[in-house]
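Chemist: After the sequence you'll find the predicted model.
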Amino acid sequence: MSSNIKSPRGMNDLLPPDSAKWLYFENACRTLFERYGYAEVRTPMVESTALFARGIGESTDIVEKEMYTFPDLKGRSLTMRPEMTAGCARSYIQHAVYKRGPITRWFYIGPMFRYERMQTGRYRQFHQVGVEAFGSDSASVDAEQIAMVYALYSQLGVKDLDLYINSVGDAEDRPRYRQALVDFLTPMRDKLCADCQRRLEKNPLRILDCKVPGCIEIVAGAPSVLDALGERSRAQFDAVQSHLSSYGVAFTVDTRIVRGLDYYTGTVFELKSSSGTLGTQSTLVGGGRYDNLVESLGGPPTPGVGFALGIERAVLSLPGEAGDYANKPLAFLAARGDAAREHALALAHRLRLAGLRIEVEHRQVGMKAQFKRADKLGARFVIALGDDELSSGQIKIRDMSQGSETEIALDAVESELKRRAP
Ligand code: HAM
């Protein structure tokens with residue numbers, strides 16, 4: 001027997017009513033981000049592999065082992081985007097967007113692809129909403145973005161939010177800190193996990209972020225990145241903190257936040273929720289400054305800052321069931337007999353064109369079954385049509401939550417429903 005074909009591992013279908021919760025969240029992002037001056041950008045889902053190798057960094061986990069990379073029919077190496085900051089920077093340079101104005105603010109929504117080990121909140125095709133601001137090195141932009149995304153989750157009722165911020169320093173501070181860290185860790189090299197032993201040569205900062213208990217213990221005594229910050233980075237980081245305080249956003253400085261992508265300079269941050277619905281994948285949002293990315297991809301020196309959030313994790317953290325977020329029909333038209341059914345179908349069409357959410361019965365079933373279905377769909381009103389109603393021109397509107405009925409003229413249905421619509 002042939003086995004049924006399933007979706008690839010880690011790549012999920014999104015079905016109603018779950019899609020309602022997603023749409024609600026996406027709309028909340030759009031509405032809020034637009035208020036802060038961000039406009040939507042869409043870039044290809046596939047980019048040249050070199051973009052990610054250069055943009056994200058050759059020695060990051062993403063580039064080393066998590067990319068869906070394939071040659072096209074002409075042998076060019078392409079990669080399904082694992083994130084969108086590099087693609088936005090590429091697009092910003094390609095279209096010389098820097099010539100259009102001093103600051104460019106974009107947001108995006110879409111699928112990303114990483115070949116990761118799966119668990120709750122971690123998938124191989126996942127969806128991000130993100131923002132990027134190009135052109136300003138002001139700490140007020142960092143803080144504004146952080147305050148904006150913090151407000152997004154708290155306004156949607158997500159509980160137990162914790163904001164962690166850090167600075168990874170600029171191009172001058174980084175080598176200094178890297179050396180201090182290598183000097184500290186090298187005598188304990190043998191006690192590090194195999195991955196961290198490798199990281200010690202290639203990307204020592206990532207050791208700070210390792211989840212293996214032995215490594216966590218060793219790292220607890222490591223020198224702090226903040227001690228390696230030069231004057232400029234220090235001032236920038238202080239400014240981010242004072243802006244956050246004036247926005248009333250509570251935060252914790254956590255020097256172990258280093259992020260998994262190499263383009264960061266200065267501020268980095270993560271927003272987590274400890275509410276428990278997320279399992280071990282408690283990071284809702286990650287972001288930071290990347291003042292050298294545009295230049296390193298061949299553009300003019302352009303500072304940048306942004307963040308991305310995972311929609312799957314956001315939806316897991318939102319209160320309530322998916323069905324609570326679905327729009328319910330305003331009215332269900334139930335009909336008895338052929339003539340009434342024909343009338344109900346035409347009336348439903350007219351009411352929908354007038355902007356109302358209407359359900360109508362297409363099956364030839366009795367009134368009881370139709371009322372049951374109306375109830376299941378959560379319709380606020382049911383209008384029953386039969387031969388009597390057609391000849392008298394009077395119909396009854398039943399309010400399903402109150403169980404009350406009102407009689408009105410058949411040709412007043414539209415105005416009556418509009419009057420009662422929320
Ligand atoms: P990231 O930390 O790799 O940063 O991802 C941001 C968020 O995407 C994570 O906090 C998480 O919510 C979600 N996410 C990441 N991987 C997965 C996965 N496998 N399954 C489900 N959700 C996931 C970036 O991608 C940067 N581009 C963020 C950024 C924008 N920095 C500056 N601008």
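Modeler: Looks like it arrived, so ask away.
Chemist: Look at the closest residue to Gly323 other than its chain neighbours and say how many residues are nearby.
Modeler: Spatial nearest neighbour of Gly323, excluding adjacent residues (CB to CB, 6 or more residues apart in numbering): Pro17 at 4.8 Å. Placement of C-beta: from N, CA and C, glycine included. Pro17 has 12 neighbouring residues, counting by other CB atoms under 10 Å.
Chemist: for Pro17, what are its contacts?
Modeler: Ala322, Gly323, Tyr325, Ala326 (CB atoms under 8 Å, 6 or more residues apart in numbering).
Chemist: Apply the buried test to those and list what passes.
Modeler: Buried members of the contacts of Pro17, scored by 16 or more other CB atoms under 10 Å, are Ala322, Tyr325, Ala326.
Chemist: Tell me the one of the contacts of Pro17 nearest the ligand?
Modeler: Ala322 (17.9 Å; CB to the nearest ligand atom).
Chemist: Distance check, the closest one against Lys21.
Modeler: Note on Ala322: its distance to Lys21, by CB to CB, to the nearest Å, is 4 Å.
Chemist: Over to Ser275?
Modeler: Distance from Ser275 to Lys21, by CB to CB: 16 Å.
Chemist: Same question for Leu390.
Modeler: 41 Å.
Chemist: Next: Cys88.
Modeler: 27 Å.
Chemist: So those two - more neighbours on which side?
Modeler: Cys88 (26 against 22).
Chemist: mind listing what that one touches?
Modeler: So Cys88 contacts Val41, Thr43, Trp106, Tyr108, Glu132, Phe134, Gly306 (CB under 8 Å, 6+ apart).
Chemist: That one and Tyr108, how far apart?
Modeler: 7 Å.
Chemist: okay, and the common contacts of the two?
Modeler: In contact with both Cys88 and Tyr108: Val41, Thr43, Glu132, using CB under 8 Å, 6+ apart.
Chemist: those strands in the stretch 251-400 of the chain, which residues are they?
Modeler: 252-253, 267-273, 283-289, 304-310, 331-335, 358-360, 381-385, 394-399 (DSSP state E, counting those that start in this stretch).
Chemist: so which of the ones you listed comes closest to Met67?
Modeler: Met67 lies closest to strand 304-310 among these, at 16.6 Å (CB to CB).
Chemist: what's that closest one packed up against?
Modeler: helix 85-94, strand 125-134, helix 139-155, strand 267-273, strand 283-289 (3 or more CB pairs under 8 Å, 6 or more residues apart in numbering; DSSP states H and E).
Chemist: angle of the longest one against strand 267-273?
Modeler: Put plainly, it is helix 139-155. 10 degrees (axes from the mean of the first three to the mean of the last three CA atoms, to 10 degrees).
Chemist: Tell me the one among the shared contacts of Cys88 and Tyr108 nearest to the ligand.
Modeler: Glu132 (5.5 Å).
Chemist: State the number of residues packed around that closest one.
Modeler: With other CB under 10 Å as criterion, Glu132 counts 27.
Chemist: pLDDT (mean, whole number) over stretch 7-15?
Modeler: Mean pLDDT, stretch 7-15: 97.
Chemist: ok, it near the ligand or not?
Modeler: No: legend: contact between stretch 7-15 and the ligand by CB under 6 Å from any ligand atom is lacking; minimum distance shown is 7.9 Å.
Chemist: Next, the distance between the ends of that stretch.
Modeler: 13 Å (CA to CA, to the nearest Å).
Chemist: For the residue nearest to Ala171 when sequence neighbours are not counted, give me its contacts.
Modeler: Leaving out its chain neighbours, the residue that sits closest to Ala171 by CB to CB, 6+ apart is Asn292, at 6.2 Å. Counting by CB under 8 Å, 6+ apart, Asn292 touches Ala171, Tyr263, Thr265, Pro301.
Chemist: thinking again about what came up before, out of the contacts of Cys88, who's near the ligand?
Modeler: Answer for those near the ligand (CB under 6 Å from any ligand atom): Glu132, Gly306.
Chemist: could you dump the contacts of Cys88 to a markdown table with pLDDT?
Modeler: Supplementary listing: the contacts of Cys88 in a markdown table, determined by pLDDT from 0 to 100:
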| residue | pLDDT |
| --- | --- |
| Val41 | 98 |
| Thr43 | 98 |
| Trp106 | 98 |
| Tyr108 | 98 |
| Glu132 | 98 |
| Phe134 | 98 |
| Gly306 | 98 |
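Chemist: from the contacts of Cys88, which is closest to Arg76?
Modeler: Closest to Arg76, out of all of the contacts of Cys88 and judged by CB to CB, is Thr43, at 17.5 Å.
Chemist: Help me confirm that that closest one is found in a helix?
Modeler: No: using DSSP: H, G, I helix; E, B strand; the rest coil, the assignment for Thr43 is coil, not a helix.
Chemist: Kindly report the residues of the chain close to the ligand.
Modeler: 83, 85, 114, 116, 121-123, 126, 128, 130, 132, 260-261, 283-288, 306-310, 312-313.
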